[in-house]
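Novice: Return atomic coordinates for the entry below.
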Amino acid sequence: MIHIYTDGAAQGNPGPGGYGAILKFNGHEKELSDGFRLTTNNRMELLAVIVALESLKKEGIPVTVHSDSKYVVDAIEKGWIWNWQKKNFAKKANEDLWRRYIPLHNKYKPRFKWVKGHAGHPENERCDALAVQAAEQPMLQADTWYENNRDRTAD
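Specialist: Take a look at the predicted model:
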């Protein structure tokens with residue numbers, strides 16, 4: 001089983017933001033993080049999941065994603081994403097990221113578990129620290145899709 005722990009942060013929402021992810025498999029652990037100059041918390045929560053799944057090298061191993069984002073967990077576990085897809089993501093926030101996520105979902109078929117944020121869960125706390133640290137770095141890159149489209153969708 002591959003366990004993925006994720007978190008996202010945005011200071012100001014929108015504002016500078018970052019994501020953090022931890023992947024655990026067979027006694028190995030890998031941390032991922034990055035930051036952006038203008039983004040939202042929901043985008044970073046979802047991007048953390050995407051980047052973690054994109055970093056996987058093997059298929060056929062069960063994957064569980066642990067996230068404190070009800071936005072991400074409910075969209076997937078309650079099937080909202082498939083209705084959004086049928087409607088071509090009309091007026092949906094984060095369309096670019098949801099479109100990027102779908103092939104990864106189909107490839108890895110991850111299960112999602114919601115964890116309460118800021119409640120002492122060690123991996124969630126570490127992911128939060130990674131996300132905040134990434135958001136505080138100088139010379140952050142652009143979240144280009146968000147910066148070009150933020151006026152047409154609400155997050």
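Novice: How about the secondary structure of the residue positioned nearest the centre of the chain?
Specialist: Geometric centre of the chain, nearest residue: residue 46, 2.5 Å, by Cα atoms, centre = their mean. Per DSSP: H, G, I helix; E, B strand; the rest coil, the local secondary structure of residue 46 is helix.
Novice: average pLDDT for the helix or strand that contains residue 65?
Specialist: In this structure, residue 65 sits in strand 63-67 according to DSSP states H and E. Here strand 63-67 scores 98 as its mean pLDDT.
Novice: Please put the alpha-carbon coordinates of it into CSV.
Specialist: Output in CSV follows, covering the C-alpha atoms of strand 63-67 (Å, rounded to 0.1, in the frame of the first residue of the first chain):
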residue,chain,number,x,y,z
VAL,A,63,-3.0,4.0,-3.0
THR,A,64,-4.6,5.8,-0.2
VAL,A,65,-4.5,9.6,-0.1
HIS,A,66,-4.9,11.3,3.3
SER,A,67,-6.1,14.9,3.1
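Novice: next SSE after it?
Specialist: Next along from strand 63-67, by DSSP H and E: helix 70-77.
Novice: send the alpha carbons of that next one over as CSV?
Specialist: C-alpha atoms of helix 70-77 as CSV (Å, rounded to 0.1, in the frame of the first residue of the first chain):
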residue,chain,number,x,y,z
LYS,A,70,-13.1,18.4,2.4
TYR,A,71,-13.1,20.1,-1.0
VAL,A,72,-10.8,17.4,-2.5
VAL,A,73,-12.0,14.4,-0.6
ASP,A,74,-15.7,15.0,-1.1
ALA,A,75,-15.3,15.9,-4.8
ILE,A,76,-13.8,12.5,-5.4
GLU,A,77,-15.4,10.3,-2.8
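Novice: separation between residue 150 and residue 143?
Specialist: Between residue 150 and residue 143 the computed distance is 9 Å (Cβ to Cβ, to the nearest Å). Yep, even glycine has a C-beta here, placed from its N, CA and C like the rest.
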